[in-house]
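Asks: Sequence first, then the predicted structure, then my questions.
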Amino acid sequence: MSSVLSTFLQELPGPFLVLGIFLPVTLLLLLLIAYFRIKLMAVDEELSQISDRQNKYGSSLYRQMRR
């Protein structure tokens, strides 16, 4: 099995290995990281807005309910 793999790697050109396999996979992973980071920032912003609204209106509603 190792002889098949070593023969394959010897016949495969190095630039094809780098440009055809490693570079696209690396770019795909970086794109996924950037996409999820943007989504996470949007969710964090939305949660902070919800938290601000609850702090602003929630405390006054709690006081009204206690009366």
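Replies: Sure thing, it's come through. Numbers count the residues shown, from 1 in each chain.

Asks: any weak-confidence spans in the chain?
Replies: 1, 57-67 (pLDDT under 70).

Asks: Point to the residue nearest the middle of it.
Replies: The chain has residue 36 as the residue nearest its centroid, 2.7 Å off, counting by Cα atoms, centre = their mean.

Asks: Which neighbouring elements make contact with whichever strand or helix holds it?
Replies: Per DSSP states H and E: residue 36 is located in helix 23-53. Under the contact definition 3 or more Cβ pairs under 8 Å, 6 or more residues apart in numbering; DSSP states H and E, helix 23-53 sits against no other helix or strand. C-beta here means a position set from N, CA and C on the backbone, and glycine is covered the same way.

Asks: Can you list the buried residues in it?
Replies: Buried residues in helix 23-53, counted by 16 or more other Cβ atoms under 10 Å: none are found.

Asks: roughly how far out does that helix sit from the chain middle?
Replies: 6 Å (Cα atoms, centre = their mean, to the nearest Å).

Asks: cool, stretch 46-57 as well?
Replies: Using Cα atoms, centre = their mean, the offset of stretch 46-57 from its chain centre is 25 Å.

Asks: Please work out which residues outside it touch it.
Replies: The contact list for stretch 46-57 (Cβ atoms under 8 Å, 6 or more residues apart in numbering) is empty.

Asks: Render the CA-only coordinates of it in PDB, please.
Replies: Extracted in PDB, the C-alpha atoms of stretch 46-57 (Å, rounded to 0.1, in the frame of the first residue of the first chain):
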ATOM      1  CA  GLU A  46     -28.800  41.400  18.200                       C
ATOM      2  CA  LEU A  47     -28.500  39.900  21.700                       C
ATOM      3  CA  SER A  48     -27.000  43.100  23.100                       C
ATOM      4  CA  GLN A  49     -30.000  45.100  21.700                       C
ATOM      5  CA  ILE A  50     -32.400  42.600  23.200                       C
ATOM      6  CA  SER A  51     -30.600  42.800  26.500                       C
ATOM      7  CA  ASP A  52     -30.700  46.700  26.400                       C
ATOM      8  CA  ARG A  53     -34.400  46.600  25.800                       C
ATOM      9  CA  GLN A  54     -35.000  44.200  28.600                       C
ATOM     10  CA  ASN A  55     -33.000  46.300  31.000                       C
ATOM     11  CA  LYS A  56     -34.700  49.500  29.900                       C
ATOM     12  CA  TYR A  57     -38.300  48.200  29.900                       C
END
